[in-house]
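Visitor: the sequence isn't on hand, but the structure is:
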Ligand SMILES: Nc1ncnc2c1ncn2[C@@H]1O[C@H](COP(=O)(O)OP(=O)(O)OP(=O)(O)O)[C@@H](O)[C@H]1O
């Protein structure tokens, strides 16, 4: 006996369908076990049942032997699969007050007729919108899945077929049912009715299960809307994952049970160690052809799965199933014992878990918290050097870690007046290496070192640094000296750009001093002139001290003034610092107001040579952006025209062939909705074309439309005319 069996059941055409325009398109050849679709394509399976076959026949042929196996200790699953309205519920009998007995009724009849010494419990759950709901619980609630099993599932103990059927009917009342286009009483959830067998053996309890599954119908959601559509999407998702699990079972890959609630719940039964019967229900109508072919393909895939249930234990040793059933039934109202007799018991619920006394937890690792074990040896303190060759008496780094709060403390903003009073001359800013550097630079200028000069120099530097700091904290953020405090929530990028502002570049001392200019301008002052066609880094730095001192110029230029000549290549900041040192009066005035410029723009400008006077560098930001946009657009336009020039010039022939290809493409690969976008194609024609493509393959040319069954004789002519199609032959003739 095969462990995995797939059977096809064709639904008969209903009376209401005979009158409608629907055409039957599926035939069964019982002798060859073949399903013939649209008289063209055939599927051969082991078990094929025609429209006149009864449920009893199907039960006896494929289900009965599986029920026998379950009563002997195996787990099995019988599930009905197919599109909506194809007869799944009818076949399974999972309908309230089913007119004819289905597989469930027949299986229960067989089980209770046999004289097995096992206890029987039934459970009933549904998977609705990817949620697992207990249909037998007094209150319908979502169940959690732990280890692929729903926690707190109600198990109803049943001793007779009547009580079992009563439980099923009770659950069916709670099942989600709705009306769809195809079925007025469509099942909107996957229903899983499970019969649990438990038997006491010498070694303990063992149990097996029979899963009877009425799947929700696969459906096309494109024509649905609202809640029905959402349900349809979830139903299709579950079915898709079921298909993936079945494919994985046949190809021995990793089985993706966890991808949907349906496959998670069925994990226990959908394995090669168990018996599986798939009852694939199909509709006879032509309009359902696409779904019918899908179902037949799925059934063929399932029938190819090779199971091996003999390898499993005949009677599986599990945790005794009776344990939860023997739990004391609470009787809070002190009911007489005979009232409590028929009360169903359930498996321990999460609430009852909480009452179980757990053993006190002990630490697993003794060495961790035990007072007897020594603590982890502390690291030896680092012996920091007390002196260095450079700074005697002071360690190079302070070994004591800096407290965090000091690091995080926000820097206090100083007011303008505070900056004026700040004594930077005694600050440590000028200490150490930078001081040495400055000293060497000063030496190069021929500056005479004396105590007086040094005091003067310090005061001068402190003034300049103060100005610089002040300008950086106030001017760079507000753009106005001593203006209101800067807005707090500046964008970081803007703030960054401003802190790296162009250094105030022109200083005036009295009438005859011009110091360091910005890269964008030409300075003319007291006979000192600099032309600036150089990159920003090579900022010229010119200084005039009194009548006879001009110091530091950029490498590319030479400044001659009163016989003093120097050539240096320095960055802007450095040149500024030098200028500060060389001016001999204390107060420096800022001539140039710093404009806040976006960093990105400034960066882009750095690569431009300064001599481009008309470049956007000298314009306002808006002008710059306009300039850049225009240049971008013109570049884009140039590129586009270049590309277009390569293209061949449009001719009526090429335009016509483009239209032809466009329409043909939709005919070949467009879905039903897309097909309907073409003139003369309505829902019915679209379905006919779609079904034709499923059965006969893609449409090669427009002329193939005349071979599509179900389309009128002059359809091709109308279609071509309405879609402005001129066939190539006709084009040739006309030319
Ligand atoms: N073999 C059959 N013989 C007679 N009537 C049938 C048969 N199969 C289905 N029907 C009828 O077809 C209709 C739809 O069947 P059913 O409700 O079982 O479809 P379904 O596949 O379960 O649909 P859904 O997935 O929407 O629940 C019902 O009215 C049912 O009585």
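Guide: Nice, thanks for sending it over. For clarity, every value in this text was computed on a predicted model and none was experimentally measured.
Visitor: how about the residues of the stretch 201-350 of the chain by the ligand?
Guide: Listed as neighbours of the ligand in the stretch 201-350 of the chain under the rule CB under 6 Å from any ligand atom: 216, 217, 281. Heads up, the C-betas are built off the backbone N, CA and C, glycines and all.
Visitor: and the first one, how many neighbours does it have?
Guide: Right, residue 216. 26 (other CB atoms under 10 Å).
Visitor: how about residue 228?
Guide: 17.
Visitor: what is the mean pLDDT for the helix or strand hosting it?
Guide: Using DSSP states H and E, residue 228 sits in helix 226-251. What helix 226-251 shows for mean pLDDT is 83.
Visitor: equivalent analysis for stretch 680-699, please.
Guide: 86.
Visitor: do the same with stretch 292-301
Guide: On average, stretch 292-301 scores 90.
Visitor: for residue 44, phi and psi?
Guide: For residue 44, the backbone dihedrals (degrees, to the nearest 10) come out as phi -110, psi 120.
Visitor: returning to what we had before: for the residues of the stretch 201-350 of the chain next to the ligand, which one is nearest residue 113?
Guide: When these are ranked by distance to residue 113 (CB to CB), residue 281 comes first, at 26.8 Å.
Visitor: isn't the closest one right next to residue 79, touching?
Guide: No: the pair residue 281 / residue 79 is not scored as a contact, 10.7 Å apart, by CB atoms under 8 Å.
Visitor: so between the two, which is more surrounded?
Guide: A count of neighbours by other CB under 10 Å puts residue 281 above the other of residue 281 and residue 79, at 27 against 24.
Visitor: hang on, that one is in a strand, isn't it?
Guide: Yes: according to DSSP: H, G, I helix; E, B strand; the rest coil, residue 281 belongs to a strand.
Visitor: need the contact list for it.
Guide: 9, 11, 80, 81, 82, 83, 86, 87, 88, 91, 295 (CB atoms under 8 Å, 6 or more residues apart in numbering).
Visitor: tell me the SS of the fifth one?
Guide: This points to residue 82. Under three-state DSSP, residue 82 comes out as strand.
Visitor: I'd like to know how many residues surround it.
Guide: For residue 82, using other CB under 10 Å, the count is 29.
Visitor: what's the distance between it and residue 92?
Guide: The spacing between residue 82 and residue 92, counted by CB to CB, to the nearest Å, is 11 Å.
Visitor: what helices and strands are in contact with the helix holding residue 228?
Guide: Applying 3 or more CB pairs under 8 Å, 6 or more residues apart in numbering; DSSP states H and E, one finds that helix 226-251 contacts strand 119-128, helix 261-265, helix 289-303.
Visitor: same list (these) but as JSON lines, adding mean neighbour count.
Guide: Below are the helices and strands packed on helix 226-251 laid out as JSON lines (neighbours: other CB atoms under 10 Å):
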{"stretch": "strand 119-128", "mean neighbour count": "24"}
{"stretch": "helix 261-265", "mean neighbour count": "24"}
{"stretch": "helix 289-303", "mean neighbour count": "21"}
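Visitor: the helices in the stretch 601-735 of the chain, which residues?
Guide: For the stretch 601-735 of the chain, the helices defined by DSSP state H, counting those that start in this stretch cover 621-646, 652-669, 672-675, 683-696, 715-722, 728-734.
Visitor: just name the most buried of those helices.
Guide: Most buried of the helices of the stretch 601-735 of the chain, by mean neighbour count (mean count of other CB atoms under 10 Å): helix 683-696, with a mean of 18.
Visitor: which residues touch that helix?
Guide: 21, 25, 37-38, 40-41, 286-287, 289-290, 293, 667-668, 671-673, 675-676, 681, 699, 705, 708-711, 715.
Visitor: redo that, cut-off 6 Å
Guide: Helix 683-696 is contacted by residues 38, 40, 41, 287, 289, 290, 293, 672, 675, 676, 708, 710 when judged by CB atoms under 6 Å, 6 or more residues apart in numbering.
Visitor: do you know the pLDDT at the residue lying closest to residue 151 once chain neighbours are set aside?
Guide: The spatially closest residue to residue 151, leaving aside those adjacent along the chain, is residue 144, at 5.0 Å (CB to CB, 6 or more residues apart in numbering). On pLDDT, residue 144 comes in at 89.
Visitor: which one of the contacts of residue 281 is nearest to the ligand?
Guide: Relative to the ligand, the closest of those is residue 87; by CB to the nearest ligand atom it sits at 2.6 Å.
Visitor: follow-up on the earlier one: look up phi and psi at the residue nearest to residue 151.
Guide: phi -90, psi 150.
Visitor: now residue 43
Guide: phi -120, psi 130.
Visitor: now the stretch 151-300 of the chain, which segments are flagged as low pLDDT?
Guide: Within the stretch 151-300 of the chain, the stretches with pLDDT under 70 are 179-184, 221-224, 252.
Visitor: near the ligand, which residues of the chain show up?
Guide: 11-12, 82, 84-90, 183, 185-187, 216-217, 281.
Visitor: taking these, please make a ChimeraX selection of just the buried ones.
Guide: Filtering those down to the buried ones (16 or more other CB atoms under 10 Å) takes a single ChimeraX command:
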select :11,82,84,85,86,87,88,89,90,183,186,187,216,217,281
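Visitor: okay, and which of the residues of the chain next to the ligand map to helices?
Guide: Applying DSSP state H to the residues of the chain next to the ligand, the entries found in helices are 88, 89, 90.
Visitor: backbone dihedrals for the closest residue to residue 307 other than its chain neighbours, please?
Guide: Nearest residue to residue 307, sequence neighbours excluded (CB to CB, 6+ apart): residue 3, at 2.8 Å. Main-chain dihedrals, residue 3, degrees, to the nearest 10: phi -80, psi -30.
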